[in-house]
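Asks: kindly generate the corresponding structure for this input.
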Amino acid sequence: MKKNVFRHLVLIVLLLLLSAAGAFAVANDHETIIVGGNSAYPPYEFLDKDGKPAGFAVDLTRAIADVMGFEVKIRLGSSWTEMRKALEREEIDILQGISHSEERERTLDFAPAHSFVSHSIFARKGAAVVHSLDELSPDNS
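Replies: Prediction:
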């Protein structure tokens, strides 16, 4: 269980670039690389008070693009489902911030991780011990 949670929640892989070579290939095909992400994941990806993409992943993507000499446009959607469909329809070129999984690796190419994020559950002393994510569901209250 813990390994499964670790695999799905702890490993946050940013798809900044599929690879340096892939990025250059995309850059040659388009003037601007369109990078998709999820607007509901601060501090990594979110919309600022002016509705513009912001966050650690957004800043890192822009910095890499600057160093590599190409333009990026960040498009943050309201859900991963929306953004995965945008990738499939070729409305965006890459996704940043998507968690790695064996299932996703069958259809997506992942860049090496630049950071690892741990998720934890904190509770008051004496509270019931949580054994699974299902126990956190509102349906189980």
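
Asks: what about residue 92, how many neighbours?
Replies: Using other C-beta atoms under 10 Å, the number of residues around residue 92 comes to 22. All C-beta atoms are positioned from the backbone trio N, CA, C, and that covers glycine.

Asks: which helix or strand contains residue 81?
Replies: In this assignment (DSSP states H and E), residue 81 forms part of helix 80-88.

Asks: give the next helix or strand downstream of that helix.
Replies: Following helix 80-88 toward the C-terminus (DSSP H and E): strand 94-95.

Asks: so what strands line up beside that next one?
Replies: Strand pairing for strand 94-95, using DSSP bridges, gives strand 32-38 (parallel).

Asks: alpha carbons of the strand it pairs with, as CSV, please.
Replies: Extracted as CSV, the C-alpha positions of strand 32-38 are listed here (Å, rounded to 0.1, in the frame of the first residue of the first chain):
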residue,chain,number,x,y,z
THR,A,32,6.3,28.4,-30.0
ILE,A,33,6.1,25.2,-27.9
ILE,A,34,2.8,25.0,-26.1
VAL,A,35,3.2,23.5,-22.7
GLY,A,36,0.1,22.2,-20.8
GLY,A,37,-0.4,21.7,-17.1
ASN,A,38,-3.0,21.7,-14.3
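
Asks: hey, what's the angle from that strand to helix 80-88? Just curious.
Replies: Strand 32-38 runs at 160 degrees relative to helix 80-88, counting by axes from the mean of the first three to the mean of the last three C-alpha atoms, to 10 degrees.

Asks: and the next element down the chain from the top helix by length along the chain?
Replies: Ranked by residue count, the top helix of the chain under DSSP state H comes out as helix 56-68. Downstream of helix 56-68, the next assigned helix or strand under DSSP H and E is strand 71-77.
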